[in-house]
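Q: Need coordinates for the following:
(one chain, ligands or ions: 1)
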Amino acid sequence: MRIIHAKDYEDMSRKAAAIIAAQVVTDPTCVLGLATGSTPIGTYQNLIKAYEAGDLDFSQVSTYNLDEYRGLSHDDPQSYHYFMKENLFDHINIDQANTHVPDGSDPDADAACSEYDRIVEEAGYPDLQLLGIGNNGHIGFNEPDTCFSKGTHCVDLTESTIEANSRLFDNIDDVPRQAYTMGIQTIMNAYMVLVIANGEKKAQAVHDMCFGPIQPSCPASILQLHPNCVVIADDAALSLCK
Ligand SMILES: O=P(O)(O)OC[C@H]1O[C@](O)(CO)[C@@H](O)[C@@H]1O
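A: Down below sits the predicted model:
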């Protein structure tokens with residue numbers, strides 16, 4: 001696990017975008033695993049700038065997102081389908097038929113999750129999997145648990161995640177209570193994992209991810225076993241990693 005120190009959120013976003021851009025330039029048909037939430041927005045903005053400058057071509061890139069809330073339609077502004085179009089896909093020359101997000105609108109969780117596992121495996125897993133990290137150490141929506149869940153599955157969101165994500169909703173009652181998420185095994189099958197984190201609220205999770213015991217109570221800690229994991233974090237998020 002390599003830790004790259006960023007001065008601030010903007011520096012973290014530039015560094016992450018540079019690594020993703022290198023992947024796209026060196027392999028124009030690459031498979032990218034993408035994340036949602038607030039953290040990656042700056043990274044996506046930098047990728048859009050590079051595309052607009054003519055430095056990147058996404059036309060042959062495929063993408064697979066980590067997670068999606070259960071029960072939201074694809075055009076619900078709070079869905080991760082919508083988030084990805086708003087924050088990246090609608091601003092670059094990607095073929096949106098090659099973008100994939102778990103289908104949270106499918107009420108049959110087993111069918112939706114097993115189908116997602118099938119297509120991610122068929123794609124050969126991501127060449128590069130971008131991850132944020134939750135305040136409680138979750139990756140995707142893999143919440144602290146008693147075991148590392150393997151494949152794509154339906155999870156009950158913890159109160160802390162519901163609380164943390166409620167900032168993006170009109171009120172906390174509107175936050176879905178379940179989500180479909182890639183499992184730990186799916187994430188670990190990526191050839192490279194790039195974790196981005198900023199701010200004081202992530203300090204404990206980042207410390208436990210990088211230096212804590214490898215245990216399901218901090219899902220991100222499994223990344224210590226990944227052969228090619230890079231963490232980019234700012235001062236505040238690294239404040240407990242002295
Ligand atoms: O970047 P944020 O908004 O802190 O979210 C962190 C993580 O939480 C999730 O949004 C799930 O709650 C993940 O998709 C994301 O990586």
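
Q: who's in contact with the residue nearest to residue 76 when sequence neighbours are not counted?
A: Sequence neighbours aside, residue 82 is the residue nearest to residue 76 in space, at 6.1 Å (criterion: CB to CB, 6 or more residues apart in numbering). To be clear about C-beta, it is placed using only N, CA and C from the backbone, and glycine gets the same treatment. The contact partners of residue 82, taken as CB atoms under 8 Å, 6 or more residues apart in numbering, are 74-76.

Q: Looking at these, state which has the most neighbours.
A: Greatest neighbour count in the contacts of residue 82, by other CB atoms under 10 Å, goes to residue 76: 16 neighbours.

Q: center of this structure - which residue?
A: Central residue of the chain (CA atoms, centre = their mean): residue 35, 2.5 Å from the mean position.

Q: how far does the least confident helix or strand in the chain by mean pLDDT sit from the chain's center?
A: Scoring the helices and strands of the chain by mean pLDDT, DSSP states H and E places helix 159-165 at the bottom, with a mean of 91. Relative to the chain's own centre, helix 159-165 is displaced by 17 Å; criterion: CA atoms, centre = their mean, to the nearest Å.

Q: Show me what it packs onto, helices and strands only.
A: Applying 3 or more CB pairs under 8 Å, 6 or more residues apart in numbering; DSSP states H and E, we find helix 159-165 packed against no helix or strand.

Q: tell me which residues of that helix are tucked away?
A: Buried residues in helix 159-165, counted by 16 or more other CB atoms under 10 Å: 161-162, 164-165.

Q: got it, and stretch 167-181?
A: 175-176, 179-181.

Q: what sits up against whichever helix in the chain runs longest?
A: Identified as the longest helix of the chain according to DSSP state H is helix 9-26. Applying CB under 8 Å, 6+ apart, the contact partners of helix 9-26 are 4, 6, 30, 32, 40-47, 50, 55-58, 61, 127-128, 130, 192, 194, 196-199, 230, 232-234.

Q: Which of those fall in strands?
A: 4, 6, 32, 128, 130, 194, 196-197, 230, 232-234 (DSSP state E).

Q: now stretch 13-29: how far from the chain's centre is it?
A: Its chain's average C-alpha position is 16 Å from that of stretch 13-29, according to CA atoms, centre = their mean.

Q: Number of residues surrounding residue 29?
A: Neighbour tally, residue 29, other CB under 10 Å: 11.

Q: again but with residue 207, I slipped
A: 18.

Q: Could you do the one 4 residues further on as well?
A: Residue 211 has 13 neighbouring residues, counting by other CB under 10 Å.

Q: Over to residue 17?
A: Neighbours of residue 17 (other CB under 10 Å): 22.

Q: Tell me the confidence at the closest residue to it other than its chain neighbours?
A: Sequence neighbours aside, residue 46 is the residue nearest to residue 17 in space, at 3.4 Å (criterion: CB to CB, 6+ apart). As predicted, residue 46 sits at a pLDDT of 98.

Q: Check the one 3 residues further on too.
A: In this model, residue 49 is scored at 98, pLDDT.

Q: cool, and the one 5 residues further on?
A: Per-residue confidence at residue 54 stands at 98 (pLDDT).

Q: ditto for residue 85
A: The predicted local confidence for residue 85 is 98.

Q: One more: the one 3 residues further on?
A: Per-residue confidence at residue 88 stands at 98 (pLDDT).

Q: one step back: near the ligand at all, the longest helix of the chain?
A: No - Helix 9-26 lies out of reach of the ligand by CB under 6 Å from any ligand atom, never closer than 10.7 Å.
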